[in-house]
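**Student:** Model the structure of this input:
(2 chains)
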Amino acid sequence: MQAKTFTMADLIRYTLVIAILIVFLFPIYWMVSTSFKPPPDILTRPPKWTFQPTLSNYVYAFEEANFALFLKNTLIVSVISSTIVIVLASLAAYSFARYNTGAGHLMFFFLTTRMMPGIAVIIPFFVIFKVIGGTAIGQALSLGLDRLGALVVCYTVFNLPFAIWLMHSFFQDIPRELEDSARLDGYSRLQVLWRVVLPLAVPGIAVTAIFTLIFSWNEFLFAFLLTRDVARTITVGVAGFWTQRGIMWGPLSAAATVCVVPMLVFALVLQRYIVRGLTFGAVRG
Amino acid sequence: MASVTLENVWKRYGKVEAVCGISLDIADKEFMAFLGPSGCGKSSTMRMIAGLEEITSGNIYFDGELMIKVRPRDRNVAMAFETYALYPTLNVYENLAFPLRSSNRSGVDVDKRVREIAGMLEITDLLDRKPTNLSSGQQQLVGLGRALSREPRVFLLDEPISHLDTRQRVRMRAYIKRLHIELGYTMIYVTHNQEEAMALADRVAVMNEGLLSQVGTPEEIFHNPTDTFVAGFVGEPPMNFLECEYRRENGRHLLDHKGTTMEMPSHGEALAQRGAIPPRVTMGIRPFYIDIGLEKSARHVIPAEVFVVEPLGDMTVATVTLLGARLQIVTELGFRARPKQTVWLAFDPTRTLLFDAETGRALIYEA
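**Tutor:** A predicted model of the protein is given here:
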């Protein structure tokens, strides 16, 4: 193999990359290291780079602050709402891509719902769930305040337009001839969707699922205002360490780490799909 | 197998008229080519036969059975696509088996049929491969195989070989023709390549701007085109056209091209005596039927200036300028001339065609 010469340009390039990496990764390093620091070492000045690692912050977060419940809530809400979003969005996106349903206006309308900030509708949502939660149906579907069903509905509503929009471009990239061919080969529209289109749309569906899952997982505003104890999620749980007696940095960092790590691992594993999803147009394979 | 009948078929996309009232009979086991430039409506027509496009108005029959309400999957037509349309997630075997596995064809011995088709197309050793690992020629073979695997009533081919390179194209063309002869399927072949249409089809339907210009055997299309569009579209190098004025002088019928008097073609005299020649006519003559001479002679009376001479190996094409009009002439292999050199032309009067300059219609058909 030929030895590569290390030029001045390379030096500058790597220096820049390393500098940017430090800026991006340092907060994460700080969060993780803080979560393992014994409380006296956390706020010392200058910061302590070496310390005796401890799990006490994690123990506190899980045992005193009921973090296991929050984690379970987040998991349930994210997975259920993402599943609903994927099913609805793939059908809607396929319809938009193939049949031009609504001549573009309907799809644009869906997209516009993304343009308003969530906080603009939070009061109406609060009132709606308060009323529905009082009814028998609302209770059966767990749609009231401080209930998981309410969060599932909110996350579905807010993720759906984005998912439709993302998947629309994936479906458009699937050559129409494949469907024509299958229709001539003796398959019904639904069979064509199931046997020809969906297998080809798997990368797009995966990307969309990843994004909606991450959005739901990280959502704070709705969870903060619509839940109190029973349905509280991790993001709100993390903020809960900001108490009247002060900020509990150790448990907070431990909780934040627990909150971030699953998504981080998830994103790393599916990195290939995510990049593909962001660059689009790679469905043909 | 089935015969296909189109009866006044229209297709409109909003205000755009893609197909304007086409009527056509395609016999059982016939090989029919739809030939025309892009946007002429040939693909729309084929897709309507397949049922992939709805018909705006008109009727389509297979063996006299009305098809317009029949779903594509129930028509039992097969189609080979320009882009091959192989299912990328399935290997070749599964691609060939796909039509056989559809719900309404259970009971077919899938494995036996797949191997039979693969053997026939000589692609047995490709069965385990994914379509992306095949050459474009192999992909189209698989595409043909998939279409053949279910013994369709009508076999549609939509520009199946236009993405192949020239050598593969000629090979596949012969292959498709042989396939038709051996299997005897009713085939409809859409192409913009006149050579393909002529080489393959029993009859060619030439289409232009949503209308059928002419339907006929390759010989009819070539020698007796109904209008200047067909005449100019079919044949390589294309037919030469000269705008002429018709006049009578001392009882003789003459054609003038910018002051040069042309010989009246053989069928022109009869037309003229019936008074069927309009004042302005377009004279059409194929490059094969002009003789070129370096000296003036009794036959070679029309002077022209050489533009360029191209020796192509199998033929030599001379391009000459005749009073501003440019003509292409297929001449003998050894013919050489310098640009701007004066040469003398002789048109074969039995092969010269006359068209109405206003309508473009061939005069022989109007007479």
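
**Student:** gap between residue B:206 and residue B:358?
**Tutor:** Distance, residue B:206 to residue B:358, using Cβ to Cβ, to the nearest Å: 20 Å. C-beta: built from backbone N, CA, C; applies to glycine.

**Student:** One more: residue B:321?
**Tutor:** Using Cβ to Cβ, we find residue B:321 at a distance of 26 Å from residue B:358.

**Student:** Tell me which of those two has more neighbours.
**Tutor:** Each of residue B:321 and residue B:358 has its neighbours counted (other Cβ atoms under 10 Å in any protein chain shown); residue B:321 has more, 14 against 11.

**Student:** elements contacting the strand or helix carrying the more buried one?
**Tutor:** Assigned by DSSP states H and E, residue B:321 belongs to strand B:316-322. For strand B:316-322, the packing partners by 3 or more Cβ pairs under 8 Å, 6 or more residues apart in numbering or on different chains; DSSP states H and E come out as strand B:302-311, strand B:325-331, strand B:342-347.

**Student:** so what does the first one touch, helix or strand wise?
**Tutor:** Packing partners of strand B:302-311 (3+ Cβ pairs under 8 Å, 6+ apart): strand B:260-262, strand B:316-322, strand B:342-347.

**Student:** In it, which residues are buried?
**Tutor:** B:302, B:304, B:306, B:309 (16 or more other Cβ atoms under 10 Å in any protein chain shown).

**Student:** relative to strand B:342-347, how tilted is that strand?
**Tutor:** 100 degrees (axes from the mean of the first three to the mean of the last three Cα atoms, to 10 degrees).

**Student:** can you list contacts of strand B:302-311?
**Tutor:** Residues from elsewhere that reach strand B:302-311 (Cβ atoms under 8 Å, 6 or more residues apart in numbering or on different chains): B:260, B:262, B:296, B:316-322, B:326-327, B:333, B:335-347.

**Student:** What pairs with that strand, parallel or antiparallel?
**Tutor:** Sheet pairing of strand B:302-311 (DSSP bridges) gives strand B:316-322 (antiparallel), strand B:342-347 (antiparallel).

**Student:** pLDDT on the shortest one, on average?
**Tutor:** Throughout strand B:342-347, pLDDT has a mean value of 93.

**Student:** and the chain, what are its domains?
**Tutor:** You didn't pick a chain, so chain A it is. A:1-54, A:64-279 (automatic domain parsing).

**Student:** not quite, I wanted chain B
**Tutor:** As recorded under automatic domain parsing, the domains making up chain B are B:4-226, B:240-366.

**Student:** Could you identify which of the ones you listed is most buried?
**Tutor:** Across the domains of chain B, averaging neighbours per residue (mean count of other Cβ atoms under 10 Å in any protein chain shown) puts domain B:4-226 on top, at a mean of 19.

**Student:** Would you mind giving the helices and strands packed on strand B:316-322 as TSV with distance to residue A:244 added?
**Tutor:** Shown next, in TSV, are the helices and strands packed on strand B:316-322 (distance: least, Cβ to Cβ, whole Å):
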stretch	distance to residue A:244
strand B:302-311	94
strand B:325-331	94
strand B:342-347	106
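
**Student:** Output the below-cut-off pLDDT ranges for chain B.
**Tutor:** B:103-108, B:365-367 (pLDDT under 70).

**Student:** And the longest helix anywhere in it, what does it pack against?
**Tutor:** Counting by DSSP state H, the longest helix found in chain B is helix B:166-183. Judged by 3+ Cβ pairs under 8 Å, 6+ apart, the packing partners of helix B:166-183 are helix B:136-148, helix B:194-200.

**Student:** contacts for it?
**Tutor:** Here helix B:166-183 has contacts from B:31, B:136-137, B:140-141, B:144, B:148, B:157, B:160-162, B:164, B:187, B:189, B:196, B:199-200, using Cβ under 8 Å, 6+ apart.

**Student:** if we look at chain A, which of those residues are close to it?
**Tutor:** Near chain A, judged by Cβ under 8 Å from any Cβ of the partner chain, there are no entries from the contacts of helix B:166-183.

**Student:** In the stretch 101-250 of chain A, which residue sits closest to chain B?
**Tutor:** residue A:186 (3.2 Å; Cβ to the nearest Cβ).

**Student:** Isn't that residue up against residue B:77?
**Tutor:** No. Using Cβ atoms under 8 Å, residue A:186 is not in contact with residue B:77; the gap is 10.6 Å.

**Student:** Just the helices from the stretch 1-150 of chain B, written as ranges.
**Tutor:** B:42-50, B:72-75, B:92-97, B:110-121, B:136-148 (DSSP state H, counting those that start in this stretch).

**Student:** Relative to residue B:242, which of the ones you listed is closest?
**Tutor:** The closest of the helices of the stretch 1-150 of chain B to residue B:242 is helix B:42-50. By Cβ to Cβ, the value is 29.7 Å.

**Student:** Put the alpha carbons of the closest one into PDB.
**Tutor:** These are the backbone C-alpha positions of helix B:42-50, laid out as PDB (Å, rounded to 0.1, in the frame of the first residue of the first chain):
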ATOM      1  CA  LYS B  42     -49.000   5.000 -28.700                       C
ATOM      2  CA  SER B  43     -48.200   4.200 -25.100                       C
ATOM      3  CA  SER B  44     -51.600   5.500 -23.800                       C
ATOM      4  CA  THR B  45     -53.300   3.200 -26.300                       C
ATOM      5  CA  MET B  46     -51.300   0.300 -25.100                       C
ATOM      6  CA  ARG B  47     -52.000   1.100 -21.500                       C
ATOM      7  CA  MET B  48     -55.700   1.300 -22.200                       C
ATOM      8  CA  ILE B  49     -55.600  -2.100 -23.800                       C
ATOM      9  CA  ALA B  50     -53.900  -3.400 -20.600                       C
END
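
**Student:** Could you tell me whether residue A:152 really is in a strand?
**Tutor:** No. Under DSSP: H, G, I helix; E, B strand; the rest coil, residue A:152 falls outside any strand and is assigned helix.
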